[in-house]
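> Please work out how this folds:
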Amino acid sequence: MRISKTTHNALQILIATARSGKDLIKGAAVARELDLTEQNTSKIVHLLSRGGYVKAVRGPHGGMTLAQNPADIRIGDVVLTLERMTIEDARQSGGRDFNHLFDDALEAFVSVLNQHTLADMVRNKSGARIAGVAAKPSKAKTRSARSKAASRPHLVRTQRASAPKPRGVPK
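Predicted coordinates for the structure are as follows:
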């Protein structure tokens with residue numbers, strides 16, 4: 001079975017939120033780290049909030065934090081919460097004869113995922129880069145990136161100056 005991109009991103013958001021501890025983490029910061037749009041992140045945070053996995057606080061001093069202990073959040077439950085509508089759509093398109101097969105497969109899939117918690121995922125990823133999460137650059141890298149960026153316009157100006165200027169078409 002496969003999970004949707006939304007569910008995958010939701011798990012990544014939960015991992016980032018768990019790593020922030022009790023502190024509120026801004027949705028915009030998570031969106032930047034995971035290379036998601038703020039609108040998509042907001043939609044996923046809303047789903048996670050409705051599912052009882054995160055507490056979202058609105059306003060300039062707002063953000064999100066986990067609503068439960070990471071050890072109490074079972075991965076299968078998160079996946080089931082987020083995939084429920086997709087599964088219901090698949091059932092409606094399939095015949096009644098196949099519903100018991102889908103139910104059995106889904107039960108087995110969720111059962112295996114529920115053997116793992118969010119705390120397990122955070123522990124497995126500690127010190128390692130989360131897939132799709134950019135590491136924060138050190139100040140040294142930031143300075144070198146600024147110097148490279150500052151030198152690029154100079155190179156462009158130099159290249160333009162040495163290139164011959166186009167002349168009008170001779171008559």
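
> which residues of this protein fall in strands?
54-57, 63-66 (DSSP state E).

> so which of those gets nearest Lys26?
Smallest distance to Lys26 across the strands of the chain (Cβ to Cβ): 4.8 Å, for strand 63-66. For glycine as for every other residue, the C-beta is placed from the backbone atoms N, C-alpha and C.

> now the strands of the chain in TSV, with mean neighbour count, distance to Leu11 and mean pLDDT?
Shown next, in TSV, are the strands of the chain (neighbours: other Cβ atoms under 10 Å; distance: least, Cβ to Cβ, whole Å; pLDDT from 0 to 100):
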stretch	mean neighbour count	distance to Leu11	mean pLDDT
strand 54-57	17	12	93
strand 63-66	20	13	94
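
> Quick check: which of the ones you listed is nearest to Val122?
That would be strand 63-66 among the strands of the chain, by Cβ to Cβ, at 10.4 Å.

> ok, back up a step: in CSV, list the strands of the chain along with distance to Leu14.
Listed next are these as CSV, based on distance: least, Cβ to Cβ, whole Å:
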stretch, distance to Leu14
strand 54-57, 7
strand 63-66, 7
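
> Many thanks, we can stop here.
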